[in-house]
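Chemist: coordinates for the following, if possible.
(one chain, ligands or ions: 1)
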Amino acid sequence: MYNTELNERIKLEDGKAKWGFRKSYGVNFAKIFYMLGSEELKKANEDGNLRVDTKTGETFVDSTEAKRYFLKSSRMDECSSCLAFKVDGAGSKKLSKAKFCRDRLCPLCQWRLSRRLAWETRKIIDKYEVDNSDMVAILMTLTVKNPKVGELANMLDILCHGKSGAWQLMQKWLARRKIKDFIRTVEVTFNSESQTWHPHLHILCFVPKEYFSKASKYYISRDILRDEWKRICSLDYDPIVDIRRCYNKGEKKERIKFGSNDIKKVELANAIKETAKYCVKPLGLFLKLSDDEENVTMKDIIRELDSALNGRRLRALGGEIKKIAKSLKFDDDEAKKDLIHNDDNGNVDAVWMEIYSYFGVEKDYYLIAREEIANEREQERTKEIDFNDTG
Ligand SMILES: [Zn+2]
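Modeler: Predicted coordinates:
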């Protein structure tokens, strides 16, 4: 490895990926978490939460919350500060190494995660469709009235928690209609105009083709879905729900008769994106708030979102979908998801390894080192020879 002696600095260009832009917002989040940590420390000090260091006899302010925020802040600040790419002859890049913080509010990590999930979901569904050609995908969206600031955690508990959450009851209702294969995600957005949260569920699930026939007693119209969701959540208003049949682009028009004309359609690829889109869009949150809001509001919003999502499972798979994910070795635990690879072109014919570093002042990544990569196949051959020689 050698440092490139460059006359002009080379900025990271990776197609449409906005690495520098996302990273700069990650740094902003880190600052907010630092502020939250400082606040907690101040509070602990005022409350007299002091502890004595047994070795030195010194007293110090004790606050587990402050520690948690400071740790978050430093992890996020350091997230992806260095990126290594494999670059092929045409200059196209594939991320090869990076250290991610994996925080649910990190714009970089959430972007990588959603791309990974979209890729995994596509693989799962492709396999599912091969084995279950008689099944049709539908996308449901279930919402409730926007909870106010301060009420997000409570609403998320109502929506999906333990065995009595609304989703858990909905799942049973769907199972009675033989809908067992699903991907369910919880998404939370923030409406800055009304200053309210907007938590909602996306469910991509599969039904047999005959469900769409007029005679089917299982047919779910939007009205049926809305009434059931209203009953399950014990609402005194009509919630907004949506149900769409998914289709594959370019697929021959199938002769599926609709039981009712209230079923809309959505391209399967878009439905997949909808369920892989990660639960929060940290960047959107920041962009919406940073312009006209005081930092205090921003801090409160981030504190609430961070604590409401803490330890919560936001994505769940069911039935055959779950089995296929397992067979493809797609980890169930989002904390273990591979954020480096998110397509099938892992074996790029790389010529170079390039290392980029983030520069805070410029808010962008610049090349700091470049190394030639020996042809991998060549390497493999050499290895074989070596092995045979020693054997
Ligand atoms: Zn991160």
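Chemist: for this structure, what spans make up the helices?
Modeler: 19-46, 64-78, 107-131, 152-159, 166-176, 222-232, 268-276, 282-290, 295-309, 319-327, 376-390 (DSSP state H).
Chemist: out of those helices, which comes closest to residue 336?
Modeler: Closest of the helices of the chain to residue 336 is helix 107-131, at 11.1 Å (criterion: C-beta to C-beta). For every residue, glycine as well, the C-beta is placed using N, CA and C.
Chemist: any idea of the mean pLDDT in the closest one?
Modeler: Here helix 107-131 scores 93 as its mean pLDDT.
Chemist: pull the distance from it to the chain's centre.
Modeler: 10 Å (C-alpha atoms, centre = their mean, to the nearest Å).
Chemist: that helix vs helix 268-276, what angle?
Modeler: 130 degrees (axes from the mean of the first three to the mean of the last three C-alpha atoms, to 10 degrees).
Chemist: show me what helix 107-131 is packed up against.
Modeler: helix 19-46, strand 135-143, helix 268-276, helix 282-290, helix 319-327 (3 or more C-beta pairs under 8 Å, 6 or more residues apart in numbering; DSSP states H and E).
Chemist: I'd like these written out as a markdown table, with mean pLDDT and distance to the ion added.
Modeler: Putting these into a markdown table (pLDDT from 0 to 100; distance: least, C-beta to the ion, whole Å) gives the following:
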| stretch | mean pLDDT | distance to the ion |
| --- | --- | --- |
| helix 19-46 | 93 | 6 |
| strand 135-143 | 93 | 28 |
| helix 268-276 | 88 | 18 |
| helix 282-290 | 62 | 10 |
| helix 319-327 | 96 | 24 |
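Chemist: from these, which stretch is densest packed?
Modeler: Most buried of the helices and strands packed on helix 107-131, by mean neighbour count (mean count of other C-beta atoms under 10 Å): strand 135-143, with a mean of 21.
Chemist: flag every residue of the stretch 101-250 of the chain that's near the ion.
Modeler: Applying C-beta under 5 Å from the ion, one finds that the stretch 101-250 of the chain approaches the ion through 101, 106, 108, 109.
Chemist: please redo it, this time with the cut-off set to 6 Å
Modeler: For the stretch 101-250 of the chain, the residues in contact with the ion (C-beta under 6 Å from the ion) are 101, 103, 106, 108, 109.
Chemist: the fourth one touches residue 19, doesn't it?
Modeler: Yes - the criterion here is C-beta atoms under 8 Å, and residue 108 meets it with residue 19 at 7.5 Å.
Chemist: shared neighbours of those two, anything?
Modeler: residue 80 (C-beta atoms under 8 Å, 6 or more residues apart in numbering).
Chemist: farthest pair in the residues of the stretch 101-250 of the chain next to the ion?
Modeler: Longest span within these, C-beta to C-beta: 103 and 108, 9.4 Å.
Chemist: appreciated, that's everything.
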